[in-house]
Structure formats: C-alpha cells, structure tokens
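>>> Pasted the sequence and its predicted model underneath.
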Number of protein chains: 2
Amino acid sequence: MIKKVLIAEDHESVNISVEKTLEELGMTQTDYVYYCDDALARIQKGVQDDQSYDLLITDLSFIKDSRVQKISGGLELIPAVRQVQPDLRIIVFSVSCIPSTIEMLFGQSDIDGYVCKGRNDAKALKEAIETVAKNQRYFPRHLTQKIRQKNVHDFTEYDIKIITLLANGMRQKDIPAYLIEEGTKPAGLSSIEKRLNYIKETLEFTKNEQLIAFCKDMGII
Amino acid sequence: MIKKVLIAEDHESVNISVEKTLEELGMTQTDYVYYCDDALARIQKGVQDDQSYDLLITDLSFIKDSRVQKISGGLELIPAVRQVQPDLRIIVFSVSCIPSTIEMLFGQSDIDGYVCKGRNDAKALKEAIETVAKNQRYFPRHLTQKIRQKNVHDFTEYDIKIITLLANGMRQKDIPAYLIEEGTKPAGLSSIEKRLNYIKETLEFTKNEQLIAFCKDMGII
DNA sequence: ATAATTCTTACGGGAAACCGTAACTCTTCC
DNA sequence: GGAAGAGTTACGGTTTCCCGTAAGAATTAT
C-alpha cells in the first residue's frame, strides 16, 4: 500500500501535475522537493523518524542554479537513496529515453518503474503508480521493442566517456593521456578511433559532430 | 480581456499544470494540442469562425513521433500563427533560455511573454499571463541581466544553418556547394571556416564537437 | 605449456580540417 | 569615375583526423 510519496522534480509545472495525478489516485500525503540533496535528506529523515516514504518519483536531470548541490541528478540520487532505504519504491520520470540507461536503472538500482516524459506521460505515470502499488514493475511499453531491435547502438560507459570528452572540446589525440591518467582502458588512440568508428557505423553517421548532436538529443551526454 | 486560450505543448504533464494555472485565473475556455500543426489549424479555424483565441501558450521544442508534421516546433509555429492572426497574444513556455532567441522572438515575432521552464515556472507563468492580460509584456527578470552581458555569442541564421549542416553529418568542404544550391551567401569554404572560427573563439571553444554540444544544450539547433 | 582467439596498440598513407596570407569583388563615399 | 574599405574567396602549409594493416598483449581453450 502506497501512502507517503516524495516527488523530486525541479520543474514546478511538472511537479504540480504529478501531485494532481497522485491526488486522483487518493494519495494525498505527498511531499515535493526541487533539489536532489533535499530529496535524500527527506528520505533519511523519514527513515529516522520511522515515517519512511513508500514511493519516490524522481526526475533524472536537474537544472543547476545558485544553490550548490552534492547530488547533481537522479542517476546519483537513486543509488544514494537505495543505501538509506533499500525497500523504497522508485519510479523515474524523465525526458531521456535511452534503453541502456533504463536497463541499467532496473538492473543495478532496482527501480520499480520508468516513465518517459512526453505525449501521454501523465496517463503513463498514473499507470506506473498503479502498477507499482500492486508490487509489479512498470516498464515503458514502446521500449521493450526498442531494446529488442538493436539498430540503436547501446552506449557503454566507455562510449559516453569518450563522447563527453569530445563534446568538451578535447582533441582526439589528447584523449589517450587523459584515459591513462584516469585508469580507463583501453586507452590507445587506435582503440578510441576504432570504437568511435564502430558507433558511427552502426548509427550510419559520418562525422563526430553528428554523433555529438545525436547524443545530446538522446540525453546520453 | 483574455477568455479563450490555446496551449501547444507536447508534454501532457506540463499541459495539465498549465491548464490548472489558467483555471486558477478564471480562464476555463482552454484548448490544448500536442502538435504544432494542430495548433495552427485550431487558430485558423478560430479566425474563420469568428471565435478566435485571445492567447496562445506554446512550447518551442516538440518531440517528433510517428505523426509527420509540417511545423516542427514553436520557432516555426509562431511566425505562421502571426500571419493568420496578427493580434493573438503569445506566451512562449520553454526550457531553452537563450537570450538571442528570446530577443528575436520579442523583436521579430512580437511575442508577449517568455517563461523559462524550471523551478518556479508555474508561478512565473501565472505572473506572465496576468501581465499579458493587462496588455503588458512579460520578460523573464533574470534574463535582462544576461542579455546585457554580451559574452554569449549571438547566433545568426547563417550560423545556425552551418552548424545544423555539421550536426547532420555534412563535411565542411561539402557545405559551399550546398549553400550555393540554396542561394545562401557567403558560400566560400573560407568564409564558413572563418565564421566557425569566430564563433568558437568568442565562446572559447576549440573544436566543432564542442560547439555542436553547446548549441544542442542551448536549444539553438 | 602451447596454440588459438580476441583485444589492444602502433604505424603510415591519405583526406579533411585548421590557419594565415593574399588576391579578388563589391559596396560606399568622395 | 576612382579610391578606400569591408567582405568574400582562393591558395598553401601544417595539424589533426580517418582508416586500413600489422604487430603486440592478454585471455581462453586445447
């Protein structure tokens, strides 16, 4: 039974409608926070006071502003929360729809639901909450297909690291030194080239610029 | 006096809270659409039936899906709408917060308000609607400062065209031919290089990849 | 332990991008 | 009409990136 819900979402407008959805489901005991640090603090307090939350609905990306935060986004928040309250149910509510990230969240962080923001997201969120309330997992329908069809490249952490470096303006030839410094392998320039080529080939891209644009669109970086 | 309002916004969850905000302001005659083409059609119909809208609240970026659209986003929708109904009030409600785009919208398209999605966006939107109802313009407060400081490069249409081509995977050396075909000037490779260099220099970027990433972040392309 | 396989790296030729300079064209002003 | 100036383009040298091949290292199997 879900009673106490915490919403972690920086967009007030989204917050409002999530709250409304919860109301419609008869869940009136809702709190909302605009920052990840606040979310973790609330959950910690809930556990301490023996009034722990039943469900966390969280975004992944949070806008940075003047308030400096330890936790910068949902991807960091979720593991932190898991440590504090392992039995908390978690639904992720985000614009980004990257199969590999979603799979990772279900696998590693054991989240209970994922809803992509977009057309019909409110209905989907409602469904998700209802499903999770029944102790089931909610997996975005259209994604089960997407994950099957492997024409979409599955970005590994390594891929994301390289692409991020490029997007930050690092020259390809300088990346090996950086990776060695960081202890990431493989670090050879050829390996990096090869990997980038492979990614571009599978996605039928010709240039790095195109890849960067794609990754930004997909919310991968 | 604002009575009839159209909301063009692809995220259902945002739509719901915008509607709620309008309700709180006593505006119950609201329609909402998830696609730009629908928005234009509704406005056209309103004008024809002599039941035109008083206010349009629109997002800028719309997710592409299976439904093919003529108008892909708010930046195209707004001028099209202006042609159909020049006196319509327009408030843009978007995540992207690029001073030059906002200035352009106020200047060229004569919009009445701009609200950035984020923390407190619902309150800001409410303020904006109230302000516009009083026949005043609503300009995001924190942006007046940002626009003053000109360290941010002002992207021209030409810039955006080139950068978009790069992001689509076109090789730099192939761009001149394309621009000549299109009738855009200057088309020389040197001019393109020079312009890209200038942009990168002012933004203190080193590589095209970085520029693409930046433009995607800012919603410029 | 050795062979086979896979993964990683090094190297080199060629293409593209980068960058400065100089020539060219077009407007503007006298 | 001619000169000055800004804007555009052409060209050449350098760097970086691209891409294929082959050598080397690590892992697994025999």
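Alright, I've got the coordinates. Residues are numbered from 1 along each chain as shown, chains lettered A, B, ... in the order given.
>>> Would you tell me which residues of chain A are close to DNA strand D?
Residues of chain A found near DNA strand D (C-beta under 7 Å from any atom of the strand) are A:171-173, A:190, A:193, A:196-197, A:207-208. For the C-beta atoms, the positions are set from N, CA and C on the backbone; glycine is no exception.
>>> switch to 6 Å and redo it
Counting by C-beta under 6 Å from any atom of the strand, the residues of chain A lying close to DNA strand D are A:171-173, A:190, A:193, A:197, A:207-208.
>>> interface residues of chain A facing DNA strand C?
Counting by C-beta under 6 Å from any atom of the strand, chain A sits next to DNA strand C at A:185-188, A:190-191, A:194.
>>> Please flag which of those residues sit within helices.
Restricting the residues of chain A next to DNA strand C to those inside helices, with DSSP state H as the criterion, leaves A:190-191, A:194.
>>> Reformat the residues you listed into CSV and put pLDDT and neighbour count next to each item.
Rendered in CSV, the data for these read as follows (pLDDT from 0 to 100; neighbours: other C-beta atoms under 10 Å in any protein chain shown):
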residue, pLDDT, neighbour count
A:Ser190, 88, 9
A:Ser191, 90, 15
A:Lys194, 89, 12
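>>> re the thing from before, and which of the residues of chain A next to DNA strand C is nearest to DNA strand D?
The shortest gap between DNA strand D and any of the residues of chain A next to DNA strand C belongs to A:Ser190, at 5.2 Å (C-beta to the nearest atom of the strand).
>>> quick one, strands of chain A?
Counting by DSSP state E, one finds strands in chain A at the ranges A:4-8, A:29-33, A:55-58, A:89-94, A:113-116.
>>> okay, these in a markdown table with mean neighbour count and mean pLDDT next?
Shown next, in a markdown table, are the strands of chain A (neighbours: other C-beta atoms under 10 Å in any protein chain shown; pLDDT from 0 to 100):
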| stretch | mean neighbour count | mean pLDDT |
| --- | --- | --- |
| strand A:4-8 | 23 | 96 |
| strand A:29-33 | 17 | 94 |
| strand A:55-58 | 24 | 97 |
| strand A:89-94 | 24 | 96 |
| strand A:113-116 | 24 | 93 |
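>>> I'd like to know which of those strands lies nearest to chain B.
With C-beta to the nearest C-beta as the measure, strand A:89-94 is the member of the strands of chain A nearest chain B (8.1 Å).
>>> The closest one - contacts with which helices or strands?
Contacts of strand A:89-94 with other secondary structure elements, assessed using 3 or more C-beta pairs under 8 Å, 6 or more residues apart in numbering or on different chains; DSSP states H and E, are made with strand A:55-58, helix A:74-84, strand A:113-116, helix A:121-133.
>>> Nearest to chain B among those would be which one?
When those are compared by C-beta to the nearest C-beta, helix A:121-133 sits nearest chain B, at 4.3 Å.
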